[in-house]
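J.: Output the structure for:
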Amino acid sequence: MSIPLPRSLVVLFAGASGLSVANVYYAQPLLDALADDFSIGRAAIGGVVLATQVGSALALLLLVPLGDLLNRRRLMLAQALSLAVVLIGISLATSPLALLSGMLGAGLLGTAMTQGLIAYAASAAGPDERGRVVGAAQSGVFVGLLLARVLAGGISDLAGWRAVYAGSATAMLVLAVLLWRALPRLPIASGRLTYPHLLASMFELLRTERVLRVRGTLAMLMFAALNIFWSALVLPLSGPPYGYSHTVIGAFGLVGALGALAAARAGRWADRGFGERTTAVALALLIAAWVPLSWMGTSLWALLFGIVLLDLGAQAIHVTNQSMIFTRRPDAHSRMVGVYMLFYALGSGLGAMATTSVYALAGWSGVCLLGAAVSLAALVFWIATLERGTSRVRTTCTLPGG
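T.: All right, here's what the predicted structure looks like:
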């Protein structure tokens, strides 16, 4: 049995992952202020969010795989320092072009750091604790994503939107020092590959690693279901009879943190070889959540309960997925997570696009039916791929223990 990672290092992985991913989402509650400051029309200000998402996609394809090619510790330091420079640039931006360029860089480097840290954590952890460590890091990501919107809104109200990015730049400089001092030195996984071959090998991994295809497809369907809910929630809550502000609606996301944090234990169960059982329970929760969510018109308590179930099921699937793909190919953890997160990005985009159209046609009931159908499709897909996938994953999970 390997020596467990120190608790302080696991906490650092979680905290650093949360701080990194927050930079991708700070802009969302600041769009009105950015539109006024840069004289950008309300119809066009969504380009700020689009720029960060384009940066995120480019990071998954071009930067995250570098963890398998370069010294990970130096790479994290370089990315943290570069991100701090980009954030300072955003805080000093005086033109729409400078703003959009900065947001592209924030999405690029924020995503690269986040996923790079998760792959780093998986590689640093021993086989018998990898799921637990990855689960902790992933919980940090989810909390960082949720709190980013709350912190950005609060800091902006007190000191303006530029203070959000100046403060984050300072945090990244402090984080760079902590990472450099605490991160373990790991051997370079695939130092003999050239960069073009490294990128090309991502498609080879997708072709040869069945667990990556199966778990990636589950992630695509699960994140589509998750975004069907969150992208549509603002529509009924902002109208009658509720008339809630965006700040109040955003606070509903904090309720989901309860479920997401509880889902971190899914990594421990995956470590014990119960990944498929955990997936079954999580998929059942994902489907069941749509029943109380559909009762929103009669009970906000039902809505809150449904949010907890939805995020608990979704994050448990996410943590289990990552724990399982990291049992394969220790030399390719960064590329594996890059490919896996591309499924996530595809599912998120499709879910967000579909839900607004369905809401316009069939209202909240239609949204819930769509979400339940996608969740059920995930369960059917998992059952259809279970027989062949189970033996292979279990074999891999039992190897470290002999």
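J.: make it CA atoms for all contacts and neighbour counts henceforth
T.: Will do.
J.: what helices or strands is the one helix or strand Thr320 maps to leaning on?
T.: Using DSSP states H and E, Thr320 maps to helix 300-325. If you count contacts as 3 or more C-alpha pairs under 8 Å, 6 or more residues apart in numbering; DSSP states H and E, helix 300-325 packs onto helix 130-159, helix 210-238, helix 246-262, helix 266-271, helix 275-288, helix 290-294, helix 333-398.
J.: run the last query once more with 10 Å
T.: Under the contact definition 3 or more C-alpha pairs under 10 Å, 6 or more residues apart in numbering; DSSP states H and E, helix 300-325 sits against helix 96-124, helix 130-159, helix 210-238, helix 246-262, helix 266-271, helix 275-288, helix 290-294, helix 333-398.
J.: Which among the ones you listed is found nearest to Ala169?
T.: Taking C-alpha to C-alpha, helix 96-124 is the member of those nearest to Ala169, at 10.7 Å.
J.: Show me how far the helix holding Thr320 is from its chain's centre.
T.: Remark: helix 300-325 is offset 13 Å from the chain centroid, using C-alpha atoms, centre = their mean, to the nearest Å.
J.: what's the angle from it to helix 96-124?
T.: If you take axes from the mean of the first three to the mean of the last three C-alpha atoms, to 10 degrees, helix 300-325 sits at 60 degrees to helix 96-124.
J.: Which positions in helix 300-325 come out as buried?
T.: Under the neighbour-count criterion of 16 or more other C-alpha atoms under 10 Å, helix 300-325 has 302-325 buried.
J.: Select, out of the helices and strands packed on helix 300-325, the one closest to Leu60.
T.: Closest of the helices and strands packed on helix 300-325 to Leu60 is helix 333-398, at 4.8 Å (criterion: C-alpha to C-alpha).
J.: can you state the direction angle for that closest one and helix 96-124?
T.: Going by the same axes, to 10 degrees, helix 333-398 makes 30 degrees with helix 96-124.
J.: just checking, what packs against helix 333-398?
T.: helix 46-58, helix 96-124, helix 195-208, helix 210-238, helix 266-271, helix 275-288, helix 290-294, helix 300-325.
J.: And stretch 373-380, what's buried?
T.: Those would be Val374, Ser375, Leu376, Ala377, Ala378, Leu379, for stretch 373-380 by 16+ other C-alpha under 10 Å.
J.: could I get the helices and strands packed on helix 300-325 as TSV with distance to Ile3 and mean pLDDT?
T.: Below are the helices and strands packed on helix 300-325 laid out as TSV (distance: least, C-alpha to C-alpha, whole Å; pLDDT from 0 to 100):
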stretch	distance to Ile3	mean pLDDT
helix 96-124	11	92
helix 130-159	12	82
helix 210-238	27	86
helix 246-262	25	70
helix 266-271	15	70
helix 275-288	23	91
helix 290-294	42	95
helix 333-398	18	80
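J.: Put together TSV for those, with distance to Ser201 on each row.
T.: Formatted as TSV, those follow (distance: least, C-alpha to C-alpha, whole Å):
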stretch	distance to Ser201
helix 96-124	17
helix 130-159	23
helix 210-238	14
helix 246-262	32
helix 266-271	27
helix 275-288	27
helix 290-294	39
helix 333-398	8
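J.: Could you say which one of the ones you listed comes nearest to Val174?
T.: helix 96-124 (14.7 Å).
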